[in-house]
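In: take a look and give me a structure for this.
(one chain, ligands or ions: 1)
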Amino acid sequence: MSDRPSVVSRITPAVVLVFSGKRKSGKDFITEIIQKRLGFEVCSIMRLSGPLKSQYAKEHRLDADRLLDATSYKEHYRADMIKWGEERRQKDPSYFCRLATEGMSALKPVWIISDARRKTDIEYFNSFYKEQTLLIRVQAKESVRMDRGWKFTSGVDDAESECDLDSGITWHMIIDNNGQEEQLNIHLQTLIDKINNKLQSQDS
Ligand SMILES: Nc1ncnc2c1ncn2[C@@H]1O[C@H](COP(=O)(O)OP(=O)(O)OP(=O)(O)O)[C@@H](O)[C@H]1O
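Out: Next comes the predicted model:
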């Protein structure tokens, strides 16, 4: 990849956790637990989908707050915003990764990317932060995801953005999140131990 991250994000994090998983597998649920356990002063959650809306609003002189809420304003621009995002990504696959990881939150030592969706997202973090990056896949059975409100939606669940990471990636950790609290806690503790080891090896 040719584009370097911005000046702020070049302050190298100690750990980068890159999460991926199907809709309603529990990515937000899990990443928020990890952030709480590590502490908000240590850990930032960065959403690659976040800058899409804010940057689209900026470039089109729209009200970003209204674009982010559930009004018809958002619906009106939705299709155009998705098209704009795809065009941007095609021109520059690392565009949204760069935007999501700049700013003050990049100053914290642990970054959690909660919504990787494409192989290019993985390539971005592997190319700039190889030593720090742990790739984590969250899995849940379809029946469990349905209980959480997921319903198969054609054009969404069969789109590249949902399926690109279904194969071809060697994950450092796979977390099964089917609602078995004890099993989840074992996974999370293993991960937190790994993070703490990385943080300690940076200190020494
Ligand atoms: N282990 C769990 N125990 C209890 N509730 C859970 C668990 N995992 C997820 N949930 C709940 O399931 C719902 C979906 O989880 P979450 O929003 O984390 O999924 P997601 O993968 O981030 O979904 P999306 O990709 O659609 O944003 C939430 O209401 C969340 O609180």
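
In: what's the closest non-adjacent residue to Trp171?
Out: On the basis of Cβ to Cβ, 6 or more residues apart in numbering, the spatially nearest residue to Trp171 that is not a chain neighbour turns out to be Arg137, at 4.4 Å. The C-beta positions use only the backbone N, C-alpha and C, and glycine is treated the same way.

In: next one: the helix or strand hosting that neighbour to chain centre, how far?
Out: When secondary structure is defined by DSSP states H and E, Arg137 falls within strand 133-139. Centre-to-centre, strand 133-139 and its host chain are 10 Å apart (Cα atoms, centre = their mean, to the nearest Å).

In: now the nearest residue in space to Glu162 that is not next to it in sequence: how far from the ligand?
Out: Distances taken as Cβ to Cβ, 6+ apart put Val156 closest to Glu162, at 6.4 Å, once the chain neighbours are dropped. Distance of Val156 to the ligand, computed by Cβ to the nearest ligand atom, to the nearest Å: 10 Å.

In: which SS state does Val156 fall under?
Out: At Val156 the chain is in coil, as set by DSSP: H, G, I helix; E, B strand; the rest coil.

In: is it true that it touches Trp150?
Out: No: the pair formed by Val156 and Trp150 falls short of the contact definition of Cβ atoms under 8 Å, at 10.3 Å.

In: higher neighbour count, the two?
Out: For Val156 against Trp150, the residue with the higher neighbour count under other Cβ atoms under 10 Å is Trp150, and the figures read 17 against 11.

In: isn't that one up against Arg23?
Out: Yes: using Cβ under 8 Å, Trp150 makes contact with Arg23 at a distance of 5.4 Å.

In: buried sites along the lengthiest helix in the chain?
Out: The helix that spans the most residues within the chain, counting by DSSP state H, is helix 181-203. When neighbours are counted by 16 or more other Cβ atoms under 10 Å, the buried residues of helix 181-203 are found to be Leu184, His187, Leu191, Ile195, Lys198.

In: skip the chain neighbours and tell me the closest residue to the fourth one.
Out: Closest residue to Ile195 in three dimensions, ignoring its sequence neighbours and counting by Cβ to Cβ, 6+ apart: Val15, at 5.2 Å.

In: now Val18: which helix or strand?
Out: Mapping Val18 onto the secondary structure by DSSP H and E places it in strand 15-21.

In: quick one: mean pLDDT over that strand.
Out: For strand 15-21, mean pLDDT is 98.

In: going forward, begin numbering at 544 instead of 1
Out: Sure, I'll start counting at 544 from here, so that last one is strand 558-564.

In: quick check: Glu705 touching Arg566?
Out: Yes: between Glu705 and Arg566 a contact is recorded at 6.9 Å, counting by Cβ under 8 Å.

In: touching both of these two, which residues are there?
Out: Overlap of the contact sets of Glu705 and Arg566 (by Cβ atoms under 8 Å, 6 or more residues apart in numbering) consists of Val699.
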